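K.L.:
The following comprises the amino acid sequence and a computationally predicted model.
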Amino acid sequence: MMKKKEFKVEDSNVAGLGSAEDKAARVAAAGTEKAWAKAGKKPGMQIWRIEKFKVKKSMTPHGQFYNDDSYICLNTYQKKDETGKLLDKLFWDVHFWLGKTTSQDEYGTAAYKTVELDDFLGGGPVQHRECSGFESGLFCSYFEKNGGLQMLEGGVESGFNHVEPEKFRPRLLHLKGRKNIRVEEVDFSMASLNSGDVFILDMGLELIQWQGKSAGKNEKARAGQLGRAIDDERRGKPELTVLAQTDKDCVEEFYCHFPDYEAGKEASITDNSGSDSAYETESFKKLYNLSDSSGEMLFNEIELKDNKVTRDMFDTNDAYIFDIGMEVFVWCGNGASKQEKALGLQYAQEYLKKVGKSPKIPVCKIHEGGENEVFEGNLDR
């Protein structure tokens, strides 16, 4: 089978977004986009998939995303006042999620339609770009009750949309993380296993949860939650088995199902799974100012003292790139120019490339007054 080309988000071009003509066109298009008719009207999660340049409601269970596709996710919620009473006003976070092998056209449509949805909701949402395997903690948190975020191979048409487990293609799911645990489909091979994580072998009518000898307790707990969610989705038909790497029954009940298993091959399972904490977090911060007040667009790093970033370092007349390690924020002041607001995402993308960080790290565009808890939690007092 020919390996699919992995989409390179760093090669995408978002420079055209943000001009006056572009915004006028988006506002007009948003009014005619049928998918937005009920968008953001009440608290809850709404998910759409991009299909041939069109926005279609996703029919797969919440938390399942296919790497050939691109999605738009809108979380609508209410905040509480100081007394704990819910405010009448609605707030939104809109995420566009990009699969590893999504097409350039789908990426472009997802990005454009996300901005269009933002316009439809009056510019109120916080915008997030999410890439498969590099999702933000906020995005992962939405799907905890469904067994966690699941990144599956193929497109949605190849998914398990109907309860026909006897016809199901076996798949191996890898769970990794300390807090923001992700579930990713990996090659159905012994070489995919490691002793530091948890895996679920999904064979339709049979689910086997295999726990590496050094797997974390949160990974084990999330695997159990995911197994129950899959079982519920299939109306209780599958049989679920839980095995530890040290169990003697692993050969007969788990390894024997792998197409590349040979007697004794379990001895070669690696202990090198990578650090769960390093997988999720980095400790440094960086802050850059994006300003055209001099007559030309300048992008300058702000020197930090003791690695601290405080609220008063953000000027309402400019835009900023705030790197907190495993997520990057584009902060736009209320008085920022049209160009500063329009080019923020492009500069964030170019910044990631220049400093050698993964271009797939989550990028969140946020406007002054609409800061979320993650942004606020990384400011120093």
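P.N.:
Received it, and whenever you're ready, just let me know what you need.
K.L.:
In terms of secondary structure, what does the strand or helix carrying K220 contact?
P.N.:
Taking DSSP states H and E as the criterion, K220 maps to helix 217-233. Using 3 or more C-beta pairs under 8 Å, 6 or more residues apart in numbering; DSSP states H and E as the contact test, the elements touching helix 217-233 are strand 171-176, strand 198-202, strand 206-211, strand 239-244. Yep, even glycine has a C-beta here, placed from its N, CA and C like the rest.
K.L.:
Dump these to a markdown table, plus mean pLDDT, distance to E303 and mean neighbour count.
P.N.:
Listed next are the helices and strands packed on helix 217-233 as a markdown table, based on pLDDT from 0 to 100; distance: least, C-beta to C-beta, whole Å; neighbours: other C-beta atoms under 10 Å:
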| stretch | mean pLDDT | distance to E303 | mean neighbour count |
| --- | --- | --- | --- |
| strand 171-176 | 91 | 36 | 22 |
| strand 198-202 | 94 | 43 | 24 |
| strand 206-211 | 95 | 46 | 21 |
| strand 239-244 | 94 | 50 | 14 |
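K.L.:
Same list, the ones you listed, but as a markdown table with distance to L117 please.
P.N.:
Below are those laid out as a markdown table (distance: least, C-beta to C-beta, whole Å):
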| stretch | distance to L117 |
| --- | --- |
| strand 171-176 | 31 |
| strand 198-202 | 33 |
| strand 206-211 | 36 |
| strand 239-244 | 38 |
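K.L.:
To F375, which of the ones you listed lies closest?
P.N.:
strand 171-176 (25.5 Å; C-beta to C-beta).
K.L.:
helices or strands next to that closest one in the packing?
P.N.:
strand 182-186, strand 198-202, helix 217-233.
K.L.:
Export the first one to CSV, keeping only CA atoms.
P.N.:
Think strand 182-186. The C-alpha coordinates for strand 182-186 follow below in CSV (Å, rounded to 0.1, in the frame of the first residue of the first chain):
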residue,chain,number,x,y,z
ARG,A,182,-4.2,11.5,23.5
VAL,A,183,-5.4,8.3,21.7
GLU,A,184,-3.8,7.7,18.3
GLU,A,185,-4.2,4.8,15.9
VAL,A,186,-0.7,3.3,15.1
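K.L.:
Out of the helices and strands in this protein, which is least certain?
P.N.:
helix 20-32 (a mean of 54; mean pLDDT, DSSP states H and E).
K.L.:
can you list contacts of the next helix or strand after that one?
P.N.:
Using DSSP H and E, the helix or strand that follows helix 20-32 towards the C-terminus is strand 44-51. Taking contacts as C-beta atoms under 8 Å, 6 or more residues apart in numbering, the residues outside strand 44-51 that touch it are 35, 38-40, 55-58, 62, 69-76, 106, 109-110, 113, 142, 156.
K.L.:
Low-confidence stretches in the stretch 201-350 of the chain?
P.N.:
274-283 (pLDDT under 70).
K.L.:
what's the answer for the stretch 1-150 of the chain, then?
P.N.:
1-31.
K.L.:
So which residues of the stretch 51-200 of the chain form strands?
P.N.:
54-57, 64-66, 70-80, 86-98, 126-131, 149-152, 171-176, 182-186, 198-202 (DSSP state E, counting those that start in this stretch).
K.L.:
ditto for the stretch 201-350 of the chain
P.N.:
206-211, 239-244, 286-291, 298-302, 319-323, 328-332.
K.L.:
The fourth one pairs with which strands, and in what direction?
P.N.:
Spelled out, that is strand 298-302. Next to strand 298-302 in the sheet, as set by DSSP bridges, lie strand 286-291 (antiparallel).
K.L.:
in terms of contact, does I269 touch S195 like I think?
P.N.:
Yes - I269 is in contact with S195 according to C-beta atoms under 8 Å; the separation is 5.9 Å.
K.L.:
Give me the common contacts of the two.
P.N.:
212, 245.
K.L.:
what does the domain assignment say about the protein?
P.N.:
Here the domain assignment for the chain is 1-149, 160-275, 282-381, based on automatic domain parsing.
K.L.:
which residues pair with the closest residue to N272 other than its chain neighbours across the strands?
P.N.:
Once flanking residues are discounted, N272 sits nearest to N194: 6.6 Å by C-beta to C-beta, 6 or more residues apart in numbering. Beta-bridge pairing of N194 under DSSP bridges involves T270.
K.L.:
Any quick ChimeraX command for the buried ones out of the contacts of strand 44-51?
P.N.:
Buried residues among the contacts of strand 44-51 (16 or more other C-beta atoms under 10 Å), as a ChimeraX selection:
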select :35,39,40,55,58,62,69,70,71,72,73,74,75,76,106,109,110,113,142,156
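K.L.:
how close does the nearest residue to D380 once chain neighbours are set aside sit to Q346?
P.N.:
Spatially, and ignoring its direct neighbours in sequence, D380 is nearest to K308 (4.0 Å; C-beta to C-beta, 6+ apart). Using C-beta to C-beta, to the nearest Å, one gets 27 Å for the distance from K308 to Q346.
K.L.:
Check L207 too.
P.N.:
For L207, the distance to Q346 - C-beta to C-beta - is 44 Å.
K.L.:
now do K52
P.N.:
K52 is 26 Å from Q346, by C-beta to C-beta.
K.L.:
Please identify which of these two sits among more neighbours.
P.N.:
Q346 (18 against 8; other C-beta atoms under 10 Å).
K.L.:
That concludes my questions; thank you for your assistance.
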